[in-house]
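Novice: Below is the sequence, then the predicted model.
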Amino acid sequence: MRVLVVGSGGREHALVWKLSQESRISEIVVAPGNAGTAALAENAPVAATDLAGLTELATRRRVDLVVIGPEVPLALGVVDVLQAAGIRTFGPTRAAAQIESSKAFAHEMMQKCGVPAAETRVFTSYSAAREYVANSSYPLVVKADGLAAGKGAIITVTESEAEEALKDILNRRVFGDAGNRVVIEEYLQGREVSLLAFTDGTRVAPMVPSCDYKRALDYDEGPNTGGMGCYSPPGFFDDTMVQRATELAIAPVIRAMRENALDYRGVLYAGLMVDGDQIRVLEFNARFGDPETQIVLPRLGSSLADILVSCAEGTLDPSTVEWKAGCSVGVVLASGGYPDHYEKGCPISGLDLVDRNVAVFHAGTRLTHDGRVLTDGGRVMSIVATGNSMAEARERVYANVTKVYFSNMMYRTDIALREVA
Ligand code: AMP
Ligand code: GLY
């Protein structure tokens with residue numbers, strides 16, 4: 001079987017890493033990939049947003065399945081374009097992917113399905129939004145409606161902060177068209193859990209839950225990022241909670257998608273806020289998480305290729321999706337300054353010193369003609385270790401993080417700490 005994986009992050013490297021171990025897979029092409037995927041597959045110089053280029057590549061290479069990693073091509077309708085060309089694809093159509101690409105759409109869907117969430121209001125006009133924040137209690141979360149690379153949520157604690165956030169989004173257009181509308185939410189307390197599920201549009205198979213660390217600095221200081229580290233499973237979110245959250249948050253959305261004739265075959269990712277036994281949805285994503293995928297896939301006991309194909313074909317059997325016991329911890333190595341300004345092109349050393357049973361998933365890296373690996377983005381790579389206990393996985397991951405070096409390397413030292421302290 002020949003597969004095309006679309007994207008260039010750590011998530012796509014993890015997908016390629018898992019697929020490359022499976023006997024069913026004969027060839028993997030990645031568009032455009034990174035220095036890590038180049039070692040396991042063939043990188044093709046086609047951007048993840050070049051829909052015509054991807055269709056041409058998939059057709060020319062006669063791939064049996066295309067797997068979409070990032071949200072932007074999904075929001076552009078890559079699945080619609082590939083399916084129209086007769087290519088089997090893993091991912092929701094453009095209309096279905098609105099569950100991530102429009103927070104207003106997601107909010108409406110959640111209301112219709114009775115999915116528990118924060119109290120939410122949607123505005124297009126600055127003056128109406130301003131009036132609302134003047135009469136609200138704080139904190140309030142002000143968000144751009146559209147895609148903002150995980151950076152579009154602004155937590156405000158005073159009215160003047162909320163006004164600034166509204167001006168940034170609606171007037172100064174700091175998120176571009178993603179800020180055509182603004183979404184204002186009640187601030188929810190609790191602990192965040194990422195629960196991802198495979199779906200064929202009818203049936204749902206939850207993955208093991210994980211916790212992503214979104215803030216740039218230790219102890220949740222600094223700005224929000226795309227994710228700085230992750231672990232699985234959270235001690236406070238057991239199998240019963242997974243089951244409850246699947247029935248509460250994921251299954252109703254998939255059912256509503258089907259009832260509205262929206263074609264959702266892929267991953268539905270629920271970002272949950274858990275407060276005691278109360279579960280509420282913060283957001284949905286229409287794809288695998290990053291860095292969650294790097295931490296979750298090492299725990300998958302079944303064939304990923306089989307699951308992806310059955311989702312794409314509408315024949316998913318959730319009882320065949322099996323997970324390994326144990327724990328995994330992943331730490332993201334980022335370029336100093338991320339998520340704001342950072343340098344690129346720094347040589348990375350020490351990768352050959354990393355233990356064989358510890359995974360290195362590249363993200364923003366680039367291979368030079370003479371075979372050196374350079375930094376090429378904010379999140380450079382994640383180091384992922386598994387263990388019989390969280391303490392073992394955590395110790396193993398940090399022992400290997402310190403073997404890798406690049407100029408201004410930055411990482412959090414507290415990933416999974418609360419689970420072992
Ligand atoms: P989002 O852009 O919706 O993915 O939100 C990014 C991050 O902001 C989430 O992972 C939370 O850490 C935080 N956040 C978003 N919405 C809320 C909320 N209603 N209450 C508390 N924190 C939130
Ligand atoms: N880790 C957050 C995301 O994938 O959106």
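Specialist: That came in fine, so what should we check first? Residues are numbered from 1 along each chain as shown. Ligands and ions are numbered 1, 2, ... in the order given.
Novice: where does the closest residue to Asn285 other than its chain neighbours land on pLDDT?
Specialist: Spatially, and ignoring its direct neighbours in sequence, Asn285 is nearest to Tyr269 (3.8 Å; C-beta to C-beta, 6 or more residues apart in numbering). All C-beta atoms are positioned from the backbone trio N, CA, C, and that covers glycine. According to the predicted model, the pLDDT of Tyr269 comes to 98.
Novice: Just the element for Tyr269, please.
Specialist: strand 266-275 (DSSP states H and E).
Novice: how about that strand: buried residues?
Specialist: Of the residues in strand 266-275, Gly266, Val267, Leu268, Tyr269, Ala270, Gly271, Leu272, Met273, Val274 count as buried by neighbour count, 16 or more other C-beta atoms under 10 Å.
Novice: Please apply the same query to stretch 175-194.
Specialist: Buried-residue list, stretch 175-194, by 16+ other C-beta under 10 Å: 175, 178-185, 188, 192-194.
Novice: The strand holding Tyr269 pairs with which strands, parallel or anti?
Specialist: strand 191-199 (antiparallel), strand 278-285 (antiparallel) (DSSP bridges).
Novice: Ligand 1: which of the ones you listed is closest?
Specialist: strand 278-285 (3.7 Å; C-beta to the nearest ligand atom).
Novice: ok, whatever helix or strand comes next after that closest one near ligand 1 or not?
Specialist: Sequence-wise, the next helix or strand downstream of strand 278-285 (DSSP H and E) is helix 292-296. No. Shown here: helix 292-296 not in contact with ligand 1 (C-beta under 6 Å from any ligand atom), separated by at least 11.9 Å.
Novice: Which elements pack onto the following helix or strand past helix 292-296?
Specialist: Downstream of helix 292-296, the next assigned helix or strand under DSSP H and E is helix 304-313. If contacts are counted by 3 or more C-beta pairs under 8 Å, 6 or more residues apart in numbering; DSSP states H and E, helix 304-313 sits against helix 10-19, strand 65-68, strand 89-90, strand 191-199.
Novice: which parts of the helix or strand that the first one is followed by are buried?
Specialist: Think helix 10-19. For helix 10-19, the following helix or strand on the C-terminal side (DSSP H and E) is strand 27-32. For strand 27-32, a neighbour-count test (16+ other C-beta under 10 Å) marks Ile28, Val29, Val30, Ala31, Pro32 as buried.
Novice: can you tell me how far Gly86 sits from ligand 1?
Specialist: Gly86 is 34 Å from ligand 1, where distance means C-beta to the nearest ligand atom, to the nearest Å.
Novice: count of residues packed around that residue?
Specialist: Counted with other C-beta atoms under 10 Å, residues neighbouring Gly86 total 9.
Novice: Kindly report the same for Glu119.
Specialist: So Glu119, with other C-beta under 10 Å, has 11 neighbours.
Novice: mind putting the buried residues of strand 27-32 in CSV, pLDDT included?
Specialist: Below are the buried residues of strand 27-32 laid out as CSV (pLDDT from 0 to 100):
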residue, pLDDT
Ile28, 98
Val29, 98
Val30, 98
Ala31, 98
Pro32, 96
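Novice: quick revisit: save the helices and strands packed on helix 304-313 as a markdown table, and put in mean pLDDT and distance to ligand 1 too.
Specialist: Putting the helices and strands packed on helix 304-313 into a markdown table (pLDDT from 0 to 100; distance: least, C-beta to the nearest ligand atom, whole Å) gives the following:
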| stretch | mean pLDDT | distance to ligand 1 |
| --- | --- | --- |
| helix 10-19 | 98 | 16 |
| strand 65-68 | 98 | 19 |
| strand 89-90 | 98 | 22 |
| strand 191-199 | 97 | 6 |
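Novice: Pipe these into JSON lines and attach distance to ligand 2 per row.
Specialist: As requested, the helices and strands packed on helix 304-313 are exported to JSON lines (distance: least, C-beta to the nearest ligand atom, whole Å):
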{"stretch": "helix 10-19", "distance to ligand 2": "8"}
{"stretch": "strand 65-68", "distance to ligand 2": "14"}
{"stretch": "strand 89-90", "distance to ligand 2": "17"}
{"stretch": "strand 191-199", "distance to ligand 2": "7"}
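Novice: Can you check which of those gets nearest to Val122?
Specialist: strand 191-199 (22.5 Å; C-beta to C-beta).
Novice: tell me the angle of the closest one relative to helix 304-313?
Specialist: 70 degrees (axes from the mean of the first three to the mean of the last three C-alpha atoms, to 10 degrees).
Novice: ok, back up a step: let me have the helices and strands packed on helix 304-313 in JSON lines, adding distance to Gly36 as columns.
Specialist: What follows is these, written out as JSON lines (distance: least, C-beta to C-beta, whole Å):
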{"stretch": "helix 10-19", "distance to Gly36": "4"}
{"stretch": "strand 65-68", "distance to Gly36": "16"}
{"stretch": "strand 89-90", "distance to Gly36": "21"}
{"stretch": "strand 191-199", "distance to Gly36": "21"}
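Novice: Nearest approach to Ser349 belongs to which of these?
Specialist: helix 10-19 (19.0 Å).
Novice: Dump the closest one to CSV, restricted to CA.
Specialist: Written as CSV, here are the backbone C-alpha positions of helix 10-19 (Å, rounded to 0.1, in the frame of the first residue of the first chain):
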residue,chain,number,x,y,z
GLY,A,10,6.2,16.4,14.4
ARG,A,11,2.7,14.9,14.0
GLU,A,12,3.5,14.0,10.5
HIS,A,13,6.9,12.5,11.4
ALA,A,14,5.1,10.4,14.1
LEU,A,15,2.5,9.2,11.5
VAL,A,16,5.3,8.3,9.1
TRP,A,17,7.3,6.6,11.9
LYS,A,18,4.3,4.4,12.8
LEU,A,19,3.3,3.6,9.2
